[in-house]
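Undergrad: sharing a sequence plus its predicted fold:
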Amino acid sequence: MNPVVAKAAESETGSGVALDVTPTSEPVLCLCGAAARVGGRTLWSGVDLEVQAGEFVAVLGPNGVGKSTLVKVLLGIVPAAEGEIRVLGRRPGEAGSRVGYLPQRRSFDPDLRIRGVDVVRMGLDGDRWGVPLPWARNRRAQQRRVDEVIELVGASAYAHRPIGQCSGGEQQRLLIAQALVRRPEVLLLDEPLDSLDLPNQSAVAALIGRICHEENVAVVMVAHDVNPILHHLDRVVYIAEGGAVCGPPSEVVNSETLTRLYRTPVEVLSTQDGRLVVVGQPEAPAVHTNRHAG
Ligand SMILES: Nc1ncnc2c1ncn2[C@@H]1O[C@H](COP(=O)(O)OP(=O)(O)OP(=O)(O)O)[C@@H](O)[C@H]1O
């Protein structure tokens, strides 16, 4: 269930057996025997997970099982009921801007005049109510970073338009830019593909995969549908009433494991190009309540 972190290779020497320990980096996220309880109810327990820098991990499972709660536990918004949680070697909530967060999607009012570039900038100075830092040198550096991250997510063409006039996919890229603007080492994304059409789902999934692997950012992403992200993923965490399973997609995303976890027949098919397709996975509801706030 838990990925192997420490690797020790035994090598024969003339006088006996020596331990040649291969150095491995510290995991950026670590849950050990973690449990979450809300409203007096245990949502999940016994969750073991380690995430390394540059790994893309999806949190999957049916509605209401506690996927967003897992993200909130990592953020320190919801305290873990049991177990040990470390985020960049510290307790949840203590790593500050080293952790980027994109909450579950809220749509922007079409009449909202604030520009995409301003929304991205709020990732830098939102805690100061968008009032820029006074020093000109800092302002220039901030502007450069805002431009850079907008370029990174491919939003330059529309970043100066009012965000309410941008499409759902464009808004989502700008929000990802906002979450990235402080160069986080960990990015926590709560259903960033929700309510996007299929081409946008795969474009945004590819963007997140690229940021994760090229910028060495550890990404934990809550998702309902594994298909758009499957071929970018390093690991998945499946939570269901039957428990939680962590592992590489091929070990977790298979008919037997998912049928057991979902307690309903789920079939995983393999396409000619080696991609997995999940069929029969319980659908997300058409309407989401806004209980993710806070
Ligand atoms: N503060 C709270 N008090 C009581 N119950 C809560 C609280 N927050 C969440 N819950 C409940 O905990 C359960 C898990 O919620 P969570 O949002 O983590 O699930 P989820 O797997 O992300 O769901 P979805 O797929 O529908 O987004 C839900 O039944 C929810 O109603």
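TA: Everything's here; your move.

Undergrad: helices along the protein, start to end?
TA: In order along the chain, the chain carries the following helices (DSSP state H): 67-75, 116-125, 136-152, 168-180, 198-215, 249-252, 255-262.

Undergrad: where are the low-confidence patches of the stretch 151-294 of the chain?
TA: Using pLDDT under 70 as the threshold, the predicted model of the stretch 151-294 of the chain has low-confidence ranges 242-243, 274-275, 281-294.

Undergrad: hang on, the earlier thing: closest to the ligand out of the helices of the chain?
TA: Relative to the ligand, the nearest member of the helices of the chain by CB to the nearest ligand atom is helix 67-75, separated by 3.4 Å. (Each C-beta comes from the backbone N, C-alpha and C, glycine too.)

Undergrad: touching the ligand at all, the closest one?
TA: Yes. Using CB under 6 Å from any ligand atom, we find that helix 67-75 touches the ligand at 67-69.

Undergrad: helices or strands up against that helix?
TA: Applying 3 or more CB pairs under 8 Å, 6 or more residues apart in numbering; DSSP states H and E, one finds that helix 67-75 contacts strand 29-38, strand 41-51, strand 56-60, strand 82-87, strand 99-102, strand 186-190, strand 218-222, strand 235-240.

Undergrad: please state the offset of it from the chain centre?
TA: 10 Å (CA atoms, centre = their mean, to the nearest Å).

Undergrad: how far away is Q172 from S195?
TA: Using CB to CB, to the nearest Å, one gets 9 Å for the distance from Q172 to S195.

Undergrad: who's more crowded, those two?
TA: A direct count of neighbours by other CB atoms under 10 Å for Q172 and S195 places Q172 higher, at 26 against 14.

Undergrad: isn't the more buried one up against V204?
TA: Yes. Applying CB atoms under 8 Å as the test, Q172 and V204 come out as touching, 5.6 Å apart.

Undergrad: what's the overlap in contacts for these two?
TA: Residues within reach of Q172 and of V204 at once, by CB atoms under 8 Å, 6 or more residues apart in numbering, are 192-193, 196.

Undergrad: closest to V219 among those residues?
TA: Comparing the shared contacts of Q172 and V204 against V219 with CB to CB places P192 closest, at 9.8 Å.

Undergrad: perfect, that will be all.
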